[in-house]
Structures are given as C-alpha cells and as structure tokens.
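Engineer: The sequence and its predicted three-dimensional model are supplied below.
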Amino acid sequence: MSQTGKQSHLFRLALDLGPLLVFFASYEYFGIFAATACFMVAVLAALAFGYARERRLALMPLFTAILVLIFGGLTLYLRNDIFIKMKPTVLYTLFGALLLGGLAFNQLLIKYVFAQAFDLSDAGWRSLTWRWGAFFLVLAALNECIWRNFSTSTWVYFKVWAVIPLIFLFALAQTPLILKHEVRADAEK
C-alpha cells in the first residue's frame, strides 16, 4: 500500500472513530444528553471533513450520521436516553439484514464497502458477507443485552471500549479467508 493510501485509511479511521471518542469524553464530563449533542455535532463535522477531502460522501458514514441525528434528536427532544442506546441496535441490525438479505438476491453488497481494499472471488465475497452479516446481528443482540440490563455508564463503556476492539478483532480474523480467496492480478494474465 502506498504512503498516500495509508494516510487515506488513517484519515478515514479518524473520521469513523473521532465522533465516538467525542461522545465518550463528553459523557465522562457532562452526561448522556450533552454527550449525545456533541456526538451529533461530531458526526456532522466528520462528514464535512470527509467530503472536503474526498469530494464524496461515503455511504456507510452518511447512513450512520442519519441514524445518529434521528435517534440523537429523539433523545434530546424527549429527554430519554433509550433512543441513543437503541441506535447501535438499529444500525447493526440494518447492516446485518442488508448484507444477508442481499445474499438472498445474489447481491454481494459487502463488495461495495471493501472493493477498494481487496479483490476476492465470488465465493470469498459470499463467505465474507455471511460472516459480517452474522457478526452485525450478534453486535445488535449484544447492544440490546447491555443497554437493557446495565447502567448507562456500563453501556457507554461497552460501546467504546468493547465494541470497537471486537470489530477490529473480527476484521483481523477475516484475514485467512481474504488471503485464501484473493484474486491475484498476475493470475489474470
């Protein structure tokens, strides 16, 4: 990967994680409602920075931002933190359902997300789609379990310090599958 490619990936990672870290820091000092407002502003700022640099709005961050604004707005308007706690469940369920539902129609939707990173055979994309779809549904169930059975503080810590590492570890665990199904450029010649 070129230096520019690495910088682009780091920039995207900062845009994806930045709002969540703003949410966590705001929660620590000001509570859930202020953290929700800061999260909403940070998500919009991340979209703006991403657009300024890439001259396009990435679909997943845009979709996530829409959900943050809807559920965050409900949280603030109704002064009820249940809505911001439900947002990850809705997001993960929709991602999982889209991926697995796409398979039912022979659509490998995950290809649109990862195609710039690597090129896989259809069997590889299909396996990766199954895995990510199921993983998102597990994350949705975990989020439901945590926010319904534990304190807001526990949910916030779980969201920031457990979910992010789980996603990174899951992505890393997909490396053998990716290597096994990678389409090699020299094999096409």
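Structural biologist: Structure received. Bear in mind the structure is a predicted one, so any value in this text is a computation, not a measurement. Residues are numbered from 1 along each chain as shown.
Engineer: what's around W147, how many residues?
Structural biologist: Neighbours of W147 under the rule other CB atoms under 10 Å: 22. No exception for glycine: its C-beta is placed from N, CA and C like everyone else's.
Engineer: same question, W155
Structural biologist: W155 has 21 neighbours, counted by other CB under 10 Å.
Engineer: Could I get the contacting residues of the nearest residue to it once chain neighbours are set aside?
Structural biologist: Counting by CB to CB, 6 or more residues apart in numbering, W147 is the residue found nearest to W155 once chain neighbours are left out, at 4.7 Å. Counting by CB atoms under 8 Å, 6 or more residues apart in numbering, W147 touches 82, 85-86, 89, 155.
Engineer: Mind checking which of the residues you listed are buried?
Structural biologist: Among those, those classed as buried by 16 or more other CB atoms under 10 Å are 85-86, 89, 155.
Engineer: circling back to that earlier point, now, the contacts of W147 that are in helices?
Structural biologist: 82, 85-86, 89, 155 (DSSP state H).
Engineer: now, among those residues, which is nearest to M60?
Structural biologist: Set against M60, the nearest of the ones in helices among the contacts of W147 by CB to CB is T89 (16.7 Å).
Engineer: how about the helices in this protein?
Structural biologist: 3-30, 32-54, 59-78, 82-104, 110-114, 122-149, 152-161, 163-173, 175-181.
Engineer: got CSV for those helices, with mean pLDDT too?
Structural biologist: As requested, the helices of the chain are exported to CSV (pLDDT from 0 to 100):
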stretch, mean pLDDT
helix 3-30, 83
helix 32-54, 95
helix 59-78, 95
helix 82-104, 96
helix 110-114, 85
helix 122-149, 97
helix 152-161, 96
helix 163-173, 95
helix 175-181, 95
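Engineer: Since that was my last question, I'll sign off now.
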